Structures are given as structure tokens and as C-alpha cells.
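**Q** Take a look and give me a structure for this.
(chains A, B, C and D)
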There are 2 protein chains.
Amino acid sequence: MDKLPTIKEIAVRLNVSVSTVSRALSNHPRIGFGTKERVQQLAKELGYEPNTQAIFFKQKKTHVIGVIIPYIREDFFSQAISGIESAAIEHEYTILFGQSYDELEREIKAVAAMKKQRVDGLIISLSKETNKYTHLEALKKYDIPVVYFDRVPTMTDSHKVFCNLYKGTIDLVGWLFNNGYRNIAFINGPDKLRASKERLKGYIDGISKHQLKVDMQLVETTDLSKEGTEMAMKKLLSLKKLPQAIITFNDYVHMDATQYAAKNNIAVNKHIIFVSFANLPITSYTAFPPLASIEQHPYRQGEKAMDILMTILKNKDTQELVPDTYYTEELAPSLVAYKQPLSSGH
Amino acid sequence: MDKLPTIKEIAVRLNVSVSTVSRALSNHPRIGFGTKERVQQLAKELGYEPNTQAIFFKQKKTHVIGVIIPYIREDFFSQAISGIESAAIEHEYTILFGQSYDELEREIKAVAAMKKQRVDGLIISLSKETNKYTHLEALKKYDIPVVYFDRVPTMTDSHKVFCNLYKGTIDLVGWLFNNGYRNIAFINGPDKLRASKERLKGYIDGISKHQLKVDMQLVETTDLSKEGTEMAMKKLLSLKKLPQAIITFNDYVHMDATQYAAKNNIAVNKHIIFVSFANLPITSYTAFPPLASIEQHPYRQGEKAMDILMTILKNKDTQELVPDTYYTEELAPSLVAYKQPLSSGH
DNA sequence: CTAAAATGGACAATCGGTTGCGCAATAGGA
DNA sequence: TCCTATTGCGCAACCGATTGTCCATTTTAG
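**A** Have a look, this model is predicted:
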């Protein structure tokens, strides 16, 4: 239970003042060579490490970044956290972690906790329920910058990182088209999610682009629950003309959808083929992996979000009057095809 | 960009001293009723919140707990984190998060970073490579308590939480026996993991318990990589007498093993049935879910680890001479059977 | 009516560093 | 030799709260 050595300890032993020790350790030019030597030598011997708490306290900074995500359990988010973490370590920042469990109320509480802890900044992926932003705008008052990722808000005066799913969806439709599929259905997510809106726009534009007719009967939505997805599938499977391909909102929806299809005697990926978003590594082990998937680069989104936050914080330090610029980073998604689908026989 | 109100701010406005404000806010008996009223009123108006950084700094505490795990991406660990997080929130502690990626070197670095940040305590699940504990024992010097979970060290002078896999494995063997299986193989993990040793002991004792002969040809090990598992499977499938059932080290091994088996024309869960450890929710979506699994309660392990840490920290506060007692919490695993296996026809 | 006790607050030290300012002592220039 | 730089270092304030000690009233008891 050794006491951790402090600057004072060193000062006393060397019979100099604490300020001298402080400056000697930071190589201040006004400190004589001999003194510097002795101080640094003793510091090493004692295994001195500056108390970052004390320093940050004086600097009125915590060097802690809050991160709020819906579910750590989702592979997408755990990868994002990894990205954030690695960028954070690089910048010597620390992560304060919280989950919203996709509930607005929990998100509000988490944000309040972060505020209380006086985080230097916040990175957040919004909950499914989030429809107002007062709890987040409140942070502006306290000068805590917020960077959104993936589940970003609609307002333009915010920093954000996301994957351009509009383009991704067009790619997915194009890939299906090129492989001979025409009657393409789509199970989308909740309407109010930006991600849903983008996908829908991409779907419509993608379909149109290939001179196909957009049939809204082929578009269903799910609240992302198993039941919601099954309802959507039920409707699609009851259409007079069965879809040849189904695009699902993400891999979780994909898994529920394919499981439901299989139960209802559909030859998954033969009779109807399935493609998806997210590209979870786990899907390769599933009974019915998607034949193509749009990779949304969660790790890079996390990294990027942290980079943006670091830039903002640095600008604040240098006292450059931060112009009201808002950083927006739009990552290009990439299509990953797992297997050539049967180009005929469907 | 309002300045956050401080105690001093309130003091100045009310023309009293900061100490009076401090005591008024904490309801100190020596402060007069009128003064208390005025102080608390103004504090509310200004939206005053105590600066926890400052308080913790004075208390020489950070209220931050370090958590180091191999991979956040593994469902087991992300669930554990959730458990830790919820317990942490309850106790008003904050989580500083790091991954070892199952490498000793990274683990050492992460521990050093935690030490530098002066965490109040550390919760860790050891990396696969960890064979020495000097980096962790170093924390004792600085009076930072360490609680291990799941991947716990062999030494007895440590606090730990884990699932009794010895018993779990016996249960699993018993379940197989009761369902008519006799020729039971086992793909174990790396020898040096405590978890492997326990499972092996459980396997041997479980087999013996039912008057079966232990045949070490039926026991293989994997380094947990896909390749390692495939090697193990290859050996098992080349035995003259094919096993009727295979117990795998965890669900990831299970998935690789069943995939390999399927590729080699084994009717998974018919010809050979598979049972496993971990009970990942995702397995229900896989092509070949295990027919039974030992749930290791990651969430509860995390929660429990945090509880133990809180107890230790509380004891330190109350200055009770901490007797050299080491908390060990052994959780009982539970067997989850998904489907009745075919009791004949294999 | 006076001495003692209770009441209500102010002062100042402290946690571990950082940093502006001032003061000697030495060095250099005229 | 005297005056001014320069060098080297100490003093003290500060970040935001907590807390022991002390002082000045007021109240109470004898």
C-alpha cells in the first residue's frame, strides 16, 4: 500500500519547491540543467506518474468521452465501440459507457448521467424511440459537443457520421436486377428512422432506375421485433404474385424473416432469395445467410465519430472561434455478395 | 455556453462564505434555517450540480472502475458488460473500458492505462494467453482491488466470480446419458485455461459416474480458432467408432464444428448430436443449434463481480482493517435443452 | 445580572498539480 | 566599475469542493 509519489514528495526530498519540480518534469527552459537532471532522476526512481485527475481537474477537462448506444449486444454496436475505443486510446481519452436499450427514457437518463460526470464530449447513436432532442440540445449550453453516428438526427445543425444507405440500397437493387430478379420486395424498418427513409428512397429510385414499376404492395415495415417481421412476411407471402427476392432492413430482420419463410415451406434463397444490410459475421453460420449484404462499417463509423469529436475539442482548446460548421461524414457502403445466386429457376 | 454554477457563485450572490453554502447544501445542522432555504433555493434556480470531479479528486477517488475483457464482440462478454454496467450505475460508478483481444501484451497495456487513470478498482476476464500475473499483482501496491470473472486465475489469493463448469459438464454428460447416448466425445479448449481443466474433470467424472469407460481418444482440444476446431473434428470423425454425441467447448466452437461436420456429410444432430456451453441467443438462428447448452450467466457474473468490488471498496472506506479474505462467488450453471433429441436411430 | 452554553457562520487548509510574477544572483556590456 | 540582462528558482493563486477550527452573537441558566 505504498503512497503514490507526488510532485510534493519529490520537492521535499530534493529541497526545492513544487513549482520547480513541475517545471523540471515538463522540461521548462527556465530550470537549470542540474536541477532538471536530479528531479527527473528521482521521479524515475520513485516511479512517479502525474495524477491525471488533478491535471484534468485544473484544466477543467475530464478526458472522458461519453458513448451511448442502443444495445451493446448488437454486433454492429459492439464493433462501433471497438472503433471508438481504439481512437480514444490513441488520443488518450477514456470512454464512459451507457446503453439506451432503444428507449427514449433511458437515453435521457444516460445523457443526464454523462452531463453530471461532465464528459468532454458525447458520441451517440439514437434510440429507436427518440423523436425529440431537448435532452441533447441541453448539452450545448454546457458546451459539451455531441457527435451522432449511424442513427443520426434529422436536424442539420449537428455533427454526424453515417453510412449512405440510399446509395447502398440502390446498389442492392441493382445487384438483384443484374442477377435477373425483377419482383423485388422490401421489409423496411420504422418509418421515423432516418435509415428507413433512406433505404426506402433508395429502393424506389433503384427500382425506377431499371425501368421497373414500383409496387408499394411489395414494401412492408417492421418495428424490428420478431413479431413485426413475421407480420410483414405474412403479408408478402400472401401476395398473389410471390416476390422473387426480399430485401430486409438488417440481418436481425433477415434472420427472423428467413426463419419464418422456412417454417412456411418457402425454399429460402431458392424459391425466394434474401439480401440484407449489416453484414454480421455471425450470419455465415446461420441456416440461411443472406446472398448479399450491405456492409455499414461500424468500426470505421465509430473511429470517425471519435476523430470528429477530437477535432472539435482541439478547436475549442486553441480558442479559435469555432465557426458554426457542422461536420458530416458520409461513408460509402459496400456490397458484399456471398454466393452467386441462381440466375435461373426461380 | 453558460458557465456551470459553482458553490462559489452561490456564495457571492448570497454574500455568504463558500463553506456555508457547502454545508447548507448538505443540510449541515450548524446552518440556520433561513440561510439553508436561501442557498437551496438559489442552487435550484441556477441549476447547480456539484462538480463530481472536484469531489472525487479531494476524496482521492475517481469513482471509475476499469473493465478489461478479451473481446467486446463476443456475446458472452457484451452481456457481462451489461451486467457490470447496470451494477455500476446503481452504485454511481463509471466504467472505463478496454479490450485485450486475447493477447497478453495488450492486456498488460490496458492494465497500465487503467493504473494511470487511477481507477478505483478493476474487473477483468483474462486473455487466453495470460500465464503470468505480475502486471495485475502490481496493482496491489497501489491498493487497486482486482476482481476476476469467468476467465479467472489459478491463484487463490484473488477475488473471483465464475461458473462452476465442472458441475455443468457433469450435467451435460448426464443429460446425454439419460437420453441414451454412450459414446460421448469432447472438444475442449486450451489446456491452460481453468475453464478447460474444469470441463475435462467434469467430463471424466461425468462419464465415470455412469459406469462408462473414459476413452481419451474421444477427447480433443482446440485453440478456439476455426482451424483448430476443424483439426479436432477431423480426428474425431476418423475414429473407427464414430462418436454419438459431441460436447464442444463453447458455442463458437460448436458452430465451427457443426459446419465442418455438415461439410463432411454428417447429419448434424441426427447422426451425431452436438451439445455445447454458453447458450448464445444467436444459436437459435444457426443452421445447427446445439440440442443442449450450459448457460453460464454472463450478465449475473458481471453484476456479481461489480457487487464484490463495491463491497471491497466500501470496506476500505470504513477503514475496517480488511482481513485477507478473498471473495469467491461460484455460480451454478444451468442446463438448457432446446429439443428432445431422438432417443433412437443413431 | 453575569457567566456559560448554544447557535450561526467565516477562515483557511487541503487534494496534486500548473503558471504568472517577482526576486536574487550571476553574467555581460559600456 | 556600474547598470542592465539573463538565468534559475521560489511564492502564491487557482481549479471546486469539504471540513476542522475559531470567533461573534444570542440564549439560557444560576
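
**Q** where does the stretch 201-346 of chain A have low pLDDT?
**A** By pLDDT under 70, the weakly predicted segments of the stretch 201-346 of chain A are A:319-323, A:339-346.

**Q** Show me where it has its helices.
**A** A:226-237, A:251-263, A:298-317 (DSSP state H, counting those that start in this stretch).

**Q** can you tell if the shortest one touches chain B?
**A** If I follow you right, that is helix A:226-237. No. In terms of C-beta under 8 Å from any C-beta of the partner chain, no part of helix A:226-237 sits within range of chain B; the closest distance is 10.6 Å. From N, CA and C alone the C-beta is placed, and that goes for glycine too.

**Q** residues from chain A in reach of DNA strand C?
**A** A:6-8, A:18-19, A:22-23, A:25-26, A:48, A:50-51, A:54-55, A:57-58 (C-beta under 7 Å from any atom of the strand).

**Q** Would you check which pair of those residues lies furthest apart?
**A** The span of these, defined through C-beta to C-beta, is set by A:Arg23 and A:Phe57 at 19.5 Å.

**Q** For the helices of the stretch 201-346 of chain A, state which one has the densest average packing.
**A** Counting by mean count of other C-beta atoms under 10 Å in any protein chain shown, helix A:251-263 has the highest mean neighbour count of the helices of the stretch 201-346 of chain A, with a mean of 22.

**Q** which strands and helices sit next to that helix?
**A** helix A:226-237, strand A:245-248, strand A:273-278 (3 or more C-beta pairs under 8 Å, 6 or more residues apart in numbering or on different chains; DSSP states H and E).

**Q** mind saving the C-alpha coords of it as PDB?
**A** Extracted as PDB, the C-alpha positions of helix A:251-263 are listed here (Å, rounded to 0.1, in the frame of the first residue of the first chain):
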ATOM      1  CA  ASP A 251     -29.500  -9.000 -40.500                       C
ATOM      2  CA  TYR A 252     -31.700  -9.500 -37.500                       C
ATOM      3  CA  VAL A 253     -34.800  -8.900 -39.500                       C
ATOM      4  CA  HIS A 254     -33.200 -11.100 -42.100                       C
ATOM      5  CA  MET A 255     -32.900 -14.000 -39.700                       C
ATOM      6  CA  ASP A 256     -36.400 -13.700 -38.400                       C
ATOM      7  CA  ALA A 257     -37.700 -13.400 -41.900                       C
ATOM      8  CA  THR A 258     -35.900 -16.400 -43.300                       C
ATOM      9  CA  GLN A 259     -36.900 -18.500 -40.300                       C
ATOM     10  CA  TYR A 260     -40.500 -17.600 -40.900                       C
ATOM     11  CA  ALA A 261     -40.200 -18.300 -44.600                       C
ATOM     12  CA  ALA A 262     -38.700 -21.700 -43.900                       C
ATOM     13  CA  LYS A 263     -41.400 -22.500 -41.500                       C
END
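
**Q** Taking helix A:226-237 as reference, get the angle to that helix.
**A** Here helix A:251-263 points in a direction 60 degrees away from that of helix A:226-237 (axes from the mean of the first three to the mean of the last three C-alpha atoms, to 10 degrees).

**Q** For the closest residue to A:Met310 other than its chain neighbours, give its distance to B:Thr62.
**A** Once flanking residues are discounted, A:Met310 sits nearest to A:His91: 5.2 Å by C-beta to C-beta, 6 or more residues apart in numbering or on different chains. According to C-beta to C-beta, to the nearest Å, A:His91 stands 19 Å off from B:Thr62.

**Q** Check the separation of the first and last residues in stretch A:70-81.
**A** End-to-end distance of stretch A:70-81 (C-alpha to C-alpha, to the nearest Å): 12 Å.
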